[in-house]
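**Student:** Provided below for reference: sequence and predicted model.
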Amino acid sequence: MSASQQKPPKGPPRLFLSPPHLGGTEEARVAEAFASNYIAPLGPQVDAFEAAFAELTGIPHCLALASGTAAMHLALHCLGLGPGDVVLASTLTFIGSVSPARYLGADVAFVDCDRATWNMDPELLREALHALTSEGRRVKAVIPTDLYGQCADYQRLLDVCALFGVPIVADAAEAMGARYGHPSGAGGEDGRHAGAQPGLKASIFSFNGNKIITTSGGGMLASEDGELIRRARRLSQQAREPAAHYEHAEIGYNYRLSNILAAIGLGQLDVLEARVAKRRLIFRWYQEALSGLPGLSFMPEAAYGKSNRWLTVLQVEPQAFGATPEALRQALEAENIEARPVWKPMHLQPVFAGGRVFGGAVSEELFARGLCLPSGTAMTRDDVARVATILRGSVRRGRP
Ligand SMILES: *Cc1c(COP(=O)(O)O)cnc(C)c1O
């Protein structure tokens with residue numbers, strides 16, 4: 001449809017929560033993939049994407065897949081998760097983090113986050129591991145989520161897990177470009193990439209359309225364990241044995257990333273650093289534009305790392321602010337602006353009703369008070385001002 005055929009827009013254009021933002025080279029890279037005729041879930045673009053990803057993150061072994069959820073599924077499969085086993089996962093997360101444990105017939109128990117980071121609370125994890133293991137449960141994995149692009153405190157979690165001999169699969173789906181840790185004495189050092197902390201069994205990443213970089217849909221499983229990635233790679237291709245005919249000794253999956261989509265991913269990796277810088281800038285714009293408003297606060301940034309600020313997330317105290325987060329969401333929607341609640345904790349989801357949760361009050365409060373603001377990297381300062389004006393206009397007048 002040409003521009004002249006389109007209906008004239010009614011109001012200002014819609015501001016989405018986190019739309020895709022191409023860097024400029026993706027189309028040419030896709031054209032290269034077309035020219036080579038590798039229209040398949042393997043090919044030079046997939047190989048190059050995995051290599052570039054390993055280089056960027058410092059995680060040596062990488063497997064490009066159809067989604068982040070598929071990556072988690074393969075990681076847990078490779079750990080031997082099955083019926084009777086249990087995993088401990090962050091309750092404040094997206095369901096793709098934990099549904100794979102259920103695909104494998106295992107139970108999921110949840111751990112609350114702490115207020116300082118909104119990520120898995122290491123002390124609660126210790127209690128949870130102690131409780132479950134003393135009941136004789138086999139805890140096969142711990143799955144902390146790097147919420148909204150802020151790394152979980154990997155080292156503290158690893159120290160706790162070491163006491164119980166339980167591996168960690170980090171859900172870094174939202175954390176591309178985030179950093180963890182400050183190596184002592186190394187001036188200017190920025191720590192490691194999300195999911196790259198030594199000792200993690202594996203890490204998963206997502207390139208879904210709403211993430212900080214995207215392939216339209218896709219994921220990555222990454223590990224320092226080359227054997228795990230070799231096994232996952234075989235499972236991701238229907239577990240074919242090396243033979244000219246089709247030979248199968250176990251059941252696998254069809255989970256590989258399309259070569260065409262890997263071409264998009266290559267273009268997106270080039271702009272990751274710029275995307276992180278822009279998300280952090282948008283966060284600062286919001287901070288400035290909303291400063292001084294009563295009852296508003298932002299997701300804190302942990303001292304141990306650098307968030308990618310995938311989404312700018314607010315906490316709203318309705319009493320002080322004079323409006324609920326839901327009223328704000330609706331006020332924004334009325335102006336064609338998309339905002340969302342914070343993830344609904346998994347222990348409150350009907351599908352996990354009756355399940356175990358350790359703690360829970362912190363994530364419940366964050367859910368009740370949270371609001372995710374539009375944070376796409378193509379946003380301008382004027383776009384941020386447009387959102388801020390509506391929020392400012394919602395402060396109750398004449399409050400005490
Ligand atoms: C997006 C996301 C996933 C799943 O990724 P997909 O690529 O959409 O399957 C998993 N965990 C978290 C925390 C996510 O935000």
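**Tutor:** Good, I have the coordinates. Bear in mind the structure is a predicted one, so any value in this text is a computation, not a measurement. Numbering: from 1, shown residues only.

**Student:** Can you read off the pLDDT for the closest residue to R369 other than its chain neighbours?
**Tutor:** Distances taken as Cβ to Cβ, 6 or more residues apart in numbering put Q315 closest to R369, at 4.8 Å, once the chain neighbours are dropped. For the C-beta atoms, the positions are set from N, CA and C on the backbone; glycine is no exception. What the model reports for Q315 is a pLDDT of 97.

**Student:** got it, and the one 10 residues further on?
**Tutor:** According to the predicted model, the pLDDT of P325 comes to 96.

**Student:** Repeat that for R397.
**Tutor:** 51.

**Student:** before we move on, back to that, so what strands line up beside the helix or strand harbouring the residue nearest to R369?
**Tutor:** Counting by DSSP states H and E, the element that carries Q315 is strand 312-316. Strand 312-316 has its sheet partners listed here by DSSP bridges as strand 296-298 (antiparallel), strand 370-373 (antiparallel).

**Student:** nearest to I251, of these?
**Tutor:** strand 370-373 (38.2 Å; Cβ to Cβ).

**Student:** Get me the contact residues on the chain for the ligand.
**Tutor:** Residues of the chain found near the ligand (Cβ under 6 Å from any ligand atom) are 67-69, 93-94, 96-97, 145, 171, 173-174, 206, 208, 219.

**Student:** and those residues, which of them are in strands?
**Tutor:** Per DSSP state E, strands hold the following members of the residues of the chain next to the ligand: D171, S206, G219.

**Student:** give me the number of residues near the second one?
**Tutor:** Okay, so that is S206. A total of 31 residues lie near S206 under the criterion other Cβ atoms under 10 Å.

**Student:** bridging residues for it?
**Tutor:** Residues in beta-bridge contact with S206 (DSSP bridges): G219.

**Student:** Would you confirm that it contacts G219?
**Tutor:** Yes - assessed by Cβ atoms under 8 Å, S206 is found in contact with G219 at 5.1 Å.

**Student:** what residues are shared contacts of those two?
**Tutor:** Here S206 and G219 have S67, G68, T69, A71, A173 as joint contacts, going by Cβ atoms under 8 Å, 6 or more residues apart in numbering.

**Student:** need the residues you listed in JSON lines with neighbour count and pLDDT, can you?
**Tutor:** Listed next are the shared contacts of S206 and G219 as JSON lines, based on neighbours: other Cβ atoms under 10 Å; pLDDT from 0 to 100:
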{"residue": "S67", "neighbour count": "21", "pLDDT": "98"}
{"residue": "G68", "neighbour count": "27", "pLDDT": "98"}
{"residue": "T69", "neighbour count": "23", "pLDDT": "98"}
{"residue": "A71", "neighbour count": "32", "pLDDT": "98"}
{"residue": "A173", "neighbour count": "30", "pLDDT": "98"}
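
**Student:** Could you pick out the longest helix of this protein?
**Tutor:** helix 259-289 (DSSP state H).

**Student:** Next, the buried residues of that helix.
**Tutor:** Within helix 259-289, the residues scored as buried using 16 or more other Cβ atoms under 10 Å are 259-272, 275-276, 278-280, 282-283, 285-286, 289.

**Student:** Over to stretch 345-362?
**Tutor:** P345, M346, H347, F352, R356, V357, F358, G359, G360, V362.

**Student:** doesn't I95 make contact with the second one?
**Tutor:** The reference is to M346. Yes - with contacts counted by Cβ under 8 Å, M346 reaches I95, the gap being 6.9 Å.

**Student:** I'd like to know how many residues surround the residue nearest to R369.
**Tutor:** 21.

**Student:** And for G165?
**Tutor:** G165, neighbours per other Cβ under 10 Å, totals 9.

**Student:** now the one 3 residues further on
**Tutor:** For I168, the tally of surrounding residues (other Cβ under 10 Å) stands at 25.

**Student:** Wait, it touches Q155, no?
**Tutor:** No - counting by Cβ under 8 Å, Q155 is not a contact partner of I168; they are 10.7 Å apart.

**Student:** what's the least confident helix or strand in this protein, going by average pLDDT?
**Tutor:** Least confident element among the helices and strands of the chain, by mean pLDDT, DSSP states H and E: helix 26-36 (a mean of 89).

**Student:** Run through the helices of the stretch 1-150 of the chain in chain order.
**Tutor:** 26-36, 44-57, 68-78, 99-103, 122-134 (DSSP state H, counting those that start in this stretch).

**Student:** distance of the nearest residue to G195 once chain neighbours are set aside from L366?
**Tutor:** Nearest non-adjacent residue to G195, counting by Cβ to Cβ, 6+ apart: S203, 2.9 Å away. Distance check for S203 against L366: by Cβ to Cβ, to the nearest Å, it reads 24 Å.
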